[in-house]
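K.L.:
Have a look at this fold, sequence not included:
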């Protein structure tokens with residue numbers, strides 16, 4: 001099932017990944033992650049400067065789970081756009097047409113339960129800083145996440161505009 005947070009007081013801002021990952025952080029550490037289609041603002045830039053690993057110009061940023069967890073827990077980052085995909089195996093290369101994206105991707109709405117990257121175990125989509133969309137292959141993990149984020153709703157299929 002695909003879940004969406006679109007109107008919640010449970011987060012300071014909708015795409016606060018530091019909060020979003022809290023219920024799943026132990027599992028997050030054991031997975032390999034990519035971030036694509038990223039646009040973000042470092043809310044703590046004046047105090048802490050840049051995050052070396054994050055690069056607006058990169059199509060794909062690779063993280064091991066521990067590395068991603070450290071960034072998300074130690075920095076205050078608002079992801080305006082971004083697709084976080086977690087896999088069991090490291091993703092070495094993707095063809096251009098395989099790179100997951102959120103901006104202007106109607107499949108998010110017309111095929112909400114389809115993973116943008118078929119090998120994903122977890123996908124978190126930061127959509128225009130207004131929505132956080134999350135998908136889990138592991139139903140137990142999904143339920144644990146839903147206990148914390150009670151405002152999350154099932155994302156229902158919509159016709160493309």
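P.N.:
Arrived safely, thanks for sending. Please read these numbers as outputs of a predicted model, since none were measured by experiment.
K.L.:
which stretches of the chain form helices?
P.N.:
17-20, 25-29, 45-48, 65-74, 107-110, 139-148 (DSSP state H).
K.L.:
out of those helices, deepest packed?
P.N.:
Burial of the helices of the chain is given as mean neighbour count (mean count of other CB atoms under 10 Å); helix 17-20 ranks first at a mean of 20. For every residue, glycine as well, the C-beta is placed using N, CA and C.
K.L.:
Run through who's touching it.
P.N.:
With CB atoms under 8 Å, 6 or more residues apart in numbering as the contact definition, helix 17-20 has outside contacts at 10-12, 72-73, 75-77, 79, 84, 124, 126, 132, 134, 149.
K.L.:
again, but for stretch 125-139
P.N.:
Contacts for stretch 125-139 (CB under 8 Å, 6+ apart): 1-6, 11, 13-15, 17, 20, 27, 78-84, 102-103, 108, 112-113, 115-116, 120-124, 142, 145, 152, 155.
K.L.:
can you give me the mean pLDDT across it?
P.N.:
Throughout stretch 125-139, pLDDT has a mean value of 94.
K.L.:
Okay, buried residues for that stretch please.
P.N.:
By 16 or more other CB atoms under 10 Å, the buried positions in stretch 125-139 come out as 125, 126, 127, 129, 131, 132, 133, 134, 135, 136.
K.L.:
Could you measure from the residue most central in space within the chain over to residue 96?
P.N.:
By CA atoms, centre = their mean, the chain has its centre lying nearest to residue 124, at 2.6 Å. Noted for residue 124: a distance of 22 Å to residue 96, by CB to CB, to the nearest Å.
K.L.:
Equivalent analysis for residue 79, please.
P.N.:
From residue 79 across to residue 96, the span is 22 Å (CB to CB).
K.L.:
Pull the number of nearby residues for the nearest residue to residue 87 once chain neighbours are set aside.
P.N.:
Excluding the flanking residues, the one nearest residue 87 by CB to CB, 6 or more residues apart in numbering is residue 119, at 4.7 Å. Residues lying near residue 119 (other CB atoms under 10 Å) number 13.
K.L.:
what's in contact with stretch 1-9?
P.N.:
11, 14, 112-113, 130-136, 142, 145-146, 149, 151-155.
K.L.:
re the thing from before, can the buried residues of stretch 125-139 go into a markdown table with extra columns for distance to residue 51?
P.N.:
Converted to a markdown table, those look like this (distance: CB to CB, whole Å):
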| residue | distance to residue 51 |
| --- | --- |
| 125 | 20 |
| 126 | 15 |
| 127 | 21 |
| 129 | 18 |
| 131 | 23 |
| 132 | 20 |
| 133 | 23 |
| 134 | 22 |
| 135 | 25 |
| 136 | 26 |
